Each structure stands twice: as structure tokens, then as C-alpha cells.
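Any chance you could fold what I've pasted below:
(one chain, ligands or ions: 1)
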Amino acid sequence: MSSDIILQAEKLSIQFKGFWAVKDVDLNIRRGTIHALIGPNGAGKTTCFNLLTKFLIPTSGKIHFDGQDITRKGPAEIAQLGMVRSFQISAVFPSLSVLENVTIALQRNRGNSFDFWKRDTSLRALNPRAEELLEEVGLTSYRNHLANELSYGRKRALEIATTLALEPKMMLLDEPMAGMAVEDIDRITELIRRVSKGRTILMVEHNLSVVATLSDQITVLARGQVLAEGDYATVSANPQVLEAYMGTAHA
Ligand SMILES: Nc1ncnc2c1ncn2[C@@H]1O[C@H](COP(=O)(O)OP(=O)(O)OP(=O)(O)O)[C@@H](O)[C@H]1O
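As a prediction, the model looks like this:
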């Protein structure tokens, strides 16, 4: 595996009761890029994402992350290696402030999950990094707001900040635009672009204009298999891709 490739799947497959939801999928995600996984309804995107993030165990195939075979590792182990799925750590506490949420995520990263009794001293020490993260996601002026007072778009920004607290090399975003109001989409798009600097991002996303704006590379799945790969211009001009989308909700 070339060191340029941070995440590699080889012949990744999973069978549910005789049905191959994902079959022989090869993926090569280049370090430092934004890579999108797209495809019509039922193509196997979520299943593939769950395989890569270790929420499902493949029937066959291999996954390597940053030079290590992670096929048999669990979600917590891969998070420690620097591959973090956004919602997995994004248990945003609604009745805590934005700053407290980020600080607790930082504290969790240092392995002190349940040291709430140490709160005052240890949490204060994490403050400068928490402030940096809030700045990075544009929430500085909301630092004292309760998480549940934030708009949906800002909640997503807070989730991303709590993900960044784990210092990921690679972030996996599951439909980051789902449920976003139109006015939030540009802001979250910019945020993803900003946090992608120096990191790798893999996202499953239905919003194709967001995919077109952000992605360096796109893998199109259909019926559990890779149908096409390339940049947006390449895959969107592919007749097989157009055909696969035809007649679906996303056509
Ligand atoms: N646990 C399961 N048991 C049986 N079949 C499953 C299971 N999970 C997914 N499938 C099937 O596998 C196929 C792929 O599903 P998946 O959710 O991965 O597609 P998707 O591309 O994410 O679709 P969507 O865009 O609609 O979210 C579908 O036919 C689905 O019904």
C-alpha cells in the first residue's frame, strides 16, 4: 500500500441473508483529499461506510488504514489510530455550553472520560485548545450558549469541533448536509473545506452540488459495487452513472 493512500479497502464484501449489500468493493482514499461516496438509493453507501468505520464486520475483504490492517479492529481502536466517524464522538450534551462540550471532548481524548470530579482544574487546562477549535469551526461568539440553543447548522459545527478534539488524521462524515436548511449548506460546505486542511475526509453525501464543490475524488456505488470513479466532471459525464441515477429519488 503506497503511503499516499491512507485508507484502502480490498474486495470489501458483506452478505445479509444471501444478499450481497456490498460486493468486491476496492477503494483507495488518498491522503489529504476529500473523497465522496455517492450512488442511488440502496446502492450500499451506508453499508460500505459502516464497514469502513467498523460498525459492521465484512463477510470478506480487507481494510488498511495508515499502513495497518484494521479489518478486525473495532470503532474505538480505529479512533485511537486517528480515523474518526463524526457522529461516533459527537454526543453533544444539549444542556452544556458550547465551550463545555468541546472541553469535555478534549478531556475524553486524553482518556479521562469519567473524571468529572476533576472538572475545575483539568477542564481549565484544556481551555486554550478548546478556544482554538471553536475558532476553527466559527463558534467563538457562541461559546457560552447552551448546545440545544444552537441552530441545526451550528450544532453540526459543534459536532465537527468535538470530532476535531480527537485530532483525527481522517474524518468520516455521514451525510453532513442531511437536514440542513439551505442557508446552512454553504456555511457547512466551507467548514468542511476548512477542516480538511491537513486531514483526509471521506463522506457519504446525497447533495450532489455539495459533492461537486468539495470532492477531489468520487466513488459511485450501484447495487453494492463500484460503478465509476474519478472527479465530478468525469463521473457526472459517465452514461452508466446517469443511468443508475435515472428513475431514483435523486435523479
Ligand atoms: N442489516 C441489513 N439486512 C439486510 N439488508 C440490508 C441491511 N442493511 C442494508 N441492507 C440492504 O442493502 C442494500 C444497501 O443498503 P444501504 O443502506 O447501504 O444503501 P444506501 O446506498 O446507503 O441507500 P440510501 O441512499 O437509501 O441511504 C439495500 O438493498 C438494503 O436494503
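
Could you pull up the residues touching Thr219?
Counting by CB atoms under 8 Å, 6 or more residues apart in numbering, Thr219 touches 27, 35-38, 226, 228-229. (Glycine included, C-beta is placed from N, CA and C.)

And the strand or helix carrying it, what's buried?
Following DSSP states H and E, one finds Thr219 within strand 217-222. By neighbour count on 16 or more other CB atoms under 10 Å, the buried set for strand 217-222 is 217-222.

from these, which single one is nearest the ligand?
Minimum distance to the ligand across the buried residues of strand 217-222 is 6.4 Å, recorded for Leu221 (CB to the nearest ligand atom).

isn't that closest one right up against Ile38?
Yes. Contact criterion CB atoms under 8 Å: Leu221 and Ile38 qualify, at 7.4 Å.

Mind listing the shared neighbours of those two?
Residues touching both Leu221 and Ile38 by CB under 8 Å, 6+ apart: Lys45.

Can I get the contacts of Thr219 in JSON lines including neighbour count, distance to the ligand and pLDDT?
Shown next, in JSON lines, are the contacts of Thr219 (neighbours: other CB atoms under 10 Å; distance: CB to the nearest ligand atom, whole Å; pLDDT from 0 to 100):
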{"residue": "Leu27", "neighbour count": "21", "distance to the ligand": "14", "pLDDT": "98"}
{"residue": "His35", "neighbour count": "23", "distance to the ligand": "16", "pLDDT": "98"}
{"residue": "Ala36", "neighbour count": "25", "distance to the ligand": "13", "pLDDT": "98"}
{"residue": "Leu37", "neighbour count": "27", "distance to the ligand": "8", "pLDDT": "97"}
{"residue": "Ile38", "neighbour count": "28", "distance to the ligand": "9", "pLDDT": "96"}
{"residue": "Val226", "neighbour count": "21", "distance to the ligand": "13", "pLDDT": "98"}
{"residue": "Ala228", "neighbour count": "20", "distance to the ligand": "15", "pLDDT": "97"}
{"residue": "Glu229", "neighbour count": "16", "distance to the ligand": "16", "pLDDT": "97"}
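
in its sheet, what does the strand holding Thr219 sit against?
Taking DSSP bridges as the criterion, strand 217-222 forms sheet pairs with strand 34-38 (parallel), strand 225-230 (antiparallel).

Adding distance to Ser2, write these out as TSV.
Supplementary listing: those in TSV, determined by distance: least, CB to CB, whole Å:
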stretch	distance to Ser2
strand 34-38	15
strand 225-230	16
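
okay, and the helix or strand of the protein with the least pLDDT?
The helix or strand of the chain with the lowest confidence, counting by mean pLDDT, DSSP states H and E, is helix 119-125 at a mean of 61.

C-terminal to that helix, which secondary structure element comes first?
Next helix or strand after helix 119-125 toward the C-terminus (DSSP H and E): helix 127-136.

And that next one, what's buried?
Residues of helix 127-136 classed as buried by neighbour count (16+ other CB under 10 Å): 129-130, 133-134, 136.

Quick check, Ile5 in contact with Asp26.
No. The criterion here is CB under 8 Å, and Ile5 misses it with Asp26 at 11.3 Å.

Among those two, which residue is more densely surrounded?
Ile5 (17 against 14; other CB atoms under 10 Å).

got the contact list for that one?
28-31.

Which stretches in the stretch 101-250 of the chain count as strands?
170-174, 200-204, 217-222, 225-230 (DSSP state E, counting those that start in this stretch).

Residues contacting the last one, please?
The one in question is strand 225-230. 22-27, 39, 44, 217-221, 234-235, 238, 240-241, 244.

so where do the helices sit in the stretch 1-150 of the chain?
Ranges of helices in the stretch 1-150 of the chain, per DSSP state H, counting those that start in this stretch, are 45-52, 75-81, 98-109, 119-125, 127-136.
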